[in-house]
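> Fold the following and give me the result.
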Amino acid sequence: MKKIPIRSVYGETFCHESESIEKVKKAFELFFPKKVIKQETQPGMYGTKIKILKAKLEKRKARELFERILDSLTDLEKKQILNEINLRLSDEGKLYLRFDKQDAFNEKISLAEESGDTIQIVFSLEAYPATKVNFVKTAKELFTKGL
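Numbers count the residues shown, from 1 in each chain. Next comes the predicted model:
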């Protein structure tokens with residue numbers, strides 16, 4: 001099989017004071033191994049504290065995560081990404097996806113319907129030359145191969 005053209009992946013999610021950090025970590029670990037997850041705390045609105053979980057994977061590990069996500073998405077979700085590809089892809093080849101944190105608690109990978117309670121994942125794609133047109137072409141190839 002041809003190498004998947006992904007350089008790295010970055011993920012982030014928030015844990016509000018009303019949530020269990022252990023449950024949020026469990027959901028985030030559906031995407032990233034525990035050993036690469038970093039946690040920081042930031043002040044939130046109204047004097048609350050928000051915990052932020054972040055992680056990054058490079059090369060082979062990033063490609064493995066992409067394959068796992070692709071295998072988990074429904075055909076309808078893949079088509080949704082394809083239809084929104086220009087909105088989800090930056091000029092620099094960053095592919096932005098949001099996943100439902102509540103579903104991830106239950107070990108299910110699914111696209112988020114809204115931007116609220118999510119796990120944000122950003123894949124850095126490879127394309128040569130590195131132009132938006134080539135990044136779009138690469139992304140379309142990645143998501144149509146699973147359909």
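
> what distance separates stretch 110-121 from the centre of its chain?
In terms of CA atoms, centre = their mean, to the nearest Å, the centre of stretch 110-121 is set 9 Å apart from its chain centre.

> now Leu95: how far from Arg7?
Remark: distance between Leu95 and Arg7 (CB to CB, to the nearest Å) = 11 Å. Placement of C-beta: from N, CA and C, glycine included.

> any shared contact partners between these two?
Residues touching both Leu95 and Arg7 (CB atoms under 8 Å, 6 or more residues apart in numbering) are 124-125.

> okay, those two: which has more neighbours?
A direct count of neighbours by other CB atoms under 10 Å for Leu95 and Arg7 places Leu95 higher, at 22 against 13.

> In contact with that one, which residues?
88-89, 122-125, 135, 139.

> Check the offset of the helix or strand hosting it from the chain's centre.
Assigned by DSSP states H and E, Leu95 belongs to strand 94-100. Centroid separation for strand 94-100 versus its chain: 4 Å, with CA atoms, centre = their mean.

> Which elements pack onto the following helix or strand past it?
Sequence order places helix 101-105 as the next helix or strand after strand 94-100, per DSSP H and E. Contacts defined by 3 or more CB pairs under 8 Å, 6 or more residues apart in numbering; DSSP states H and E place helix 101-105 against helix 21-28, strand 118-125.
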